[in-house]
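Asks: okay, here's the prediction I keep looking at, along with the sequence it came from:
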Amino acid sequence: MIDDNNMLIEVVNVTAGYGHQVVLRNVSLPIYRNDFIGIIGPNGGGKTTLIKLLIGQIKPFSGKIVHNSGAQDSFIGYLPQVSQIDRTFPITVREVVLSGLLEKKGLIGGYNRQQKSLAMELMEQIGIHHLQSKSIGLLSGGQLQRAMLCRALISEPQVLILDEPNTYVDSNFEGELYEMLRKLNEKMAIVMVSHDLGTITSYVKTIACVNGTLFYHPSNQITNEQLAAYNCPIQIIAHGPVPHTVLLEHPNNASHRIHKH
Ligand SMILES: Nc1ncnc2c1ncn2[C@@H]1O[C@H](COP(=O)(O)OP(=O)(O)O)[C@@H](O)[C@H]1O
Ligand SMILES: [Mg+2]
C-alpha cells in the first residue's frame, strides 16, 4: 500500500527487460490521481516496456511497482499499441469492448444489461456503434483503435494507459480523442505514449522521456535543449499555432531512422 492517498501507482527504482537484456534502468515514476503524463522517446527506447510493467504484464528485474488499488478490481484501463493486438482472434467489436470488463464479470454468466448498455453508450460516443457486430479482423487500424479505447474505458478505471493511441486515427478523430481525454482526466489519471509531442503538449500536464532510462519533466513546456539533456531525440518545431515535432536520428546510430510505429 502507498501512504499518500493521491498516489495511484509508484514505480520505484525499477530495472527491467527481457531475458538477459536490460531495457530500462533505475526508473522511478509516481502517478498521481489527476496526472496526465505524456511519455515520449525514440523507437525501442522502452516506452511499451514501461507500460507492460505498469499493468503487471512483465515483472521488474529489481525495484518495485506499487499499486494503490484498494479494493477496486478494475484499476487500470489499457489501450495497447495496435501492432501488439492479435487481429486474427475471431471476436466482434462489441465483444472486444465488453472484454474490458472481464475482471468484473464474475465467474458465472455473461454481461448484465447495465454493462451491455454501457458498451453501447461508449461505442456511440466514440463513433463505432455501427461496427459492433463486425469481426475485429475486418477493421481499419483507426477503427480497431477506437474499439480498444472503448474496451479500456468500460471498466471506469482510475488510471487510463494509452500506448500510441493516435497512430492510426484520422486527424478529425485525433482532436476529438484529445478533447475526450481532457474530460476523462477530470476523473482518472492518464498516461499516454506518443511520438507526436507537438500536438499533445497542450493536453498533457507533464512529460516523461524514456530512452533506456526515464527523465521526468514536471511541465508540458519542454525545449529542445531540455530534450537534448534528456537524451531524447525529438525536436520541437514551432509551426503556426500548433507546434510540430520531427524525430531526429538516434544519437547512437546515425543510420537508424526513428519512425512512428
Ligand atoms: N517481448 C520482447 N522480448 C524481447 N525483447 C523485447 C520484447 N519487447 C520489446 N523488446 C525489446 O525491448 C526494447 C524496448 O522495446 P519497447 O519497450 O517496445 O520500446 P518502445 O515502445 O519505446 O518502442 C527493444 O530493444 C525491443 O526490441
Ligand atoms: Mg512501443
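Replies: Yes, it's here. Ligands and ions are numbered 1, 2, ... in the order given.
Asks: ok, N231 touching N211?
Replies: Yes. Because the distance of 5.3 Å satisfies Cβ atoms under 8 Å, N231 is recorded as touching N211. Placement of C-beta: from N, CA and C, glycine included.
Asks: with neighbour numbers in mind, choose between those two.
Replies: Neighbours per residue (other Cβ atoms under 10 Å) separate N231 from N211, with N211 holding more: 22 against 17.
Asks: what residue in the stretch 151-261 of the chain comes nearest to ligand 2?
Replies: For the stretch 151-261 of the chain, the residue positioned closest to ligand 2 under Cβ to the ion is D163, at a distance of 5.9 Å.
Asks: give the contact list for that residue.
Replies: Shown in contact with D163 (Cβ atoms under 8 Å, 6 or more residues apart in numbering): K47, T48, I51, Y78, L79, P80, Q81, Q84, V193.
Asks: ok, the residues you listed vs ligand 2, which is closest?
Replies: The shortest separation between ligand 2 and any of the contacts of D163 is 3.2 Å, and it belongs to T48 (by Cβ to the ion).
Asks: off-centre distance for stretch 197-208?
Replies: On the basis of Cα atoms, centre = their mean, to the nearest Å, stretch 197-208 is displaced by 13 Å from the centre of the chain it belongs to.
Asks: near ligand 1 at all, that stretch?
Replies: No. On the criterion Cβ under 6 Å from any ligand atom, stretch 197-208 is out of touch with ligand 1, staying 11.6 Å away.
Asks: same thing with stretch 163-175?
Replies: No. Residues of stretch 163-175 contacting ligand 1 under Cβ under 6 Å from any ligand atom: none, with a closest distance of 7.3 Å.
Asks: ok, back up a step: measure the residue of the stretch 151-261 of the chain closest to ligand 2 to K52 for me?
Replies: D163 sits 9 Å away from K52, taking Cβ to Cβ, to the nearest Å as the criterion.
Asks: could I get the average pLDDT for the host helix or strand of V66?
Replies: V66 belongs to strand 62-67 when assigned by DSSP states H and E. Mean pLDDT, computed over strand 62-67, is 95.
Asks: that one: which residues count as buried?
Replies: Of the residues in strand 62-67, those buried under the neighbour-count criterion (16 or more other Cβ atoms under 10 Å) are G63, I65, H67.
Asks: in this structure the second one contacts L8, no?
Replies: By that I understand I65. No. With contacts counted by Cβ under 8 Å, I65 stays clear of L8, the gap being 11.4 Å.
Asks: go through stretch 37-57 and flag the buried ones.
Replies: Going by 16+ other Cβ under 10 Å, stretch 37-57 has these buried residues: 37-42, 45-55.
Asks: out of those residues, which touch ligand 2?
Replies: K47, T48 (Cβ under 5 Å from the ion).
Asks: so which of the buried residues of stretch 37-57 are also by ligand 1?
Replies: Cross-checking the buried residues of stretch 37-57 against ligand 1 (Cβ under 6 Å from any ligand atom) gives G41, G45, G46, K47, T48, T49 as the overlapping residues.
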